[in-house]
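> what follows is a predicted protein model with its sequence.
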Amino acid sequence: MLRIALISAFVLLVNINGQNNGEPLSVSKTAAYRQQVKLDPDKKLVEIKKYIPGIVLDIRYATTNNFAHHKMYPEAKAFARLPVVMALKHVEAALKLQGLGLKIYDAYRPYAVTVKFYDLIRDTDFVADPAKGSKHNRGCAIDLGLIDLKTGKELDMPTGFDSFSKKAASTNTDLPKQEIANRALLKKVMVAHGFTELPTEWWHFDFNGWKNYELLDVPFSDL
């Protein structure tokens with residue numbers, strides 16, 4: 001009987017601690033995040049633009065120009081864990097030699113926003129399952145494209161950002177040669193500096209060390 005009672009208590013505890021809406025068991029809020037940073041400064045979420053001034057921001061979720069047609073972020077800023085930003089800095093330097101630069105569409109995303117996305121689009125090919133969380137929630141995923149530094153224009157890619165079409169897949173070859181070449185260049189430079197592409201989204205890259213970082217639900221105002 002004691003064993004059954006303990007099991008029942010455990011199941012109840014699991015349900016209380018975050019299984020509503022598929023929430024993972026461990027999503028760190030502001031206080032927990034700050035404690036994690038004290039123990040390991042590399043876990044700090046830093047503003048990308050402050051470390052890479054030349055990077056261009058087009059934070060779609062700070063506008064209504066996104067698949068949700070709602071403003072999801074309070075301001076157009078991009079954050080990521082410190083090692084992620086340092087890796088991006090090397091990417092930017094390599095591209096600059098070719099007259100190219102980076103445009104960021106999204107980076108760190110609070111967990112609460114991931115839940116909202118999932119409620120809108122229940123397709124885990126394109127939005128993260130809240131039961132697992134997103135690497136964006138860990139501050140370890142970057143959505144980005146390439147720009148020509150002289151003109152400021154984006155290089156042609158298979159689709160726009162956040163397209164839910166099959167054309168967005170990194171394996172799609174039914175495309176103009178220039179779009180394939182631009183996509184390949186982005187992948188090559190990102191992979192060379194410690195990132196892995198998401199097969200369904202040409203713009204999405206995960207930092208290879210993402211498993212070392214917790215899921216976070218820390219609002220921009222607390223960073």
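Looks like it came in fine.
> from Leu88, how far off is Lys188?
Distance of Lys188 to Leu88, given as CB to CB, to the nearest Å: 15 Å. The C-beta positions use only the backbone N, C-alpha and C, and glycine is treated the same way.
> show me the contacts for the closest residue to Gln36 other than its chain neighbours.
Nearest residue to Gln36, sequence neighbours excluded (CB to CB, 6 or more residues apart in numbering): Lys43, at 5.0 Å. If a contact means CB atoms under 8 Å, 6 or more residues apart in numbering, then Lys43 has Tyr33, Gln36, Val37, Arg81, Leu82, Tyr213, Glu214 as its contacts.
> one more: Pro41?
So Pro41 contacts Leu82 (CB under 8 Å, 6+ apart).
> same question, Val27
Gly18, Tyr111, Gly133, Asn137, Glu214, Leu215, Leu216, Asp217.
> and for Val218?
For Val218, the contacting residues are Ser28, Lys29, Thr30, Tyr33, Leu45, Pro110, by CB under 8 Å, 6+ apart.
> kindly recompute the last result at 7 Å.
By CB atoms under 7 Å, 6 or more residues apart in numbering, Val218 lies in contact with Lys29, Thr30, Tyr33, Pro110.
> likewise His70?
Counted by CB under 7 Å, 6+ apart, His70 has contacts Thr64.
> by neighbour count, which of the contacts of Lys43 wins?
Arg81 (25 neighbours; other CB atoms under 10 Å).
> out of the contacts of Val218, which are buried?
Using 16 or more other CB atoms under 10 Å as the burial test, the contacts of Val218 include Tyr33, Pro110 as buried.
> I'd like the contacts of Val218 laid out as TSV, including secondary structure, distance to Asn172 and pLDDT.
TSV is the format used below for the contacts of Val218 (DSSP: H, G, I helix; E, B strand; the rest coil; distance: CB to CB, whole Å; pLDDT from 0 to 100):
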residue	secondary structure	distance to Asn172	pLDDT
Lys29	coil	39	97
Thr30	helix	40	98
Tyr33	helix	37	99
Pro110	coil	31	98
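> okay, now the unreliable bits of this protein?
1-25, 123, 125-126 (pLDDT under 70).
> rewinding a little: tell me which of Lys188 and Leu88 has more neighbours.
Neighbour count, other CB under 10 Å: between Lys188 and Leu88, Leu88 has more, with 27 against 11.
> tell me the gap between the helix or strand harbouring the more buried one and the middle of its chain.
Using DSSP states H and E, Leu88 falls within helix 82-96. Computed by CA atoms, centre = their mean, to the nearest Å, the chain-centroid distance of helix 82-96 equals 16 Å.
> with stretch 118-134 instead?
Counting by CA atoms, centre = their mean, stretch 118-134 is centred 13 Å from the centre of its parent chain.
> buried set for that stretch?
In stretch 118-134, counting by 16+ other CB under 10 Å, buried: Tyr118, Phe126, Val127, Ala128, Pro130, Gly133, Ser134.
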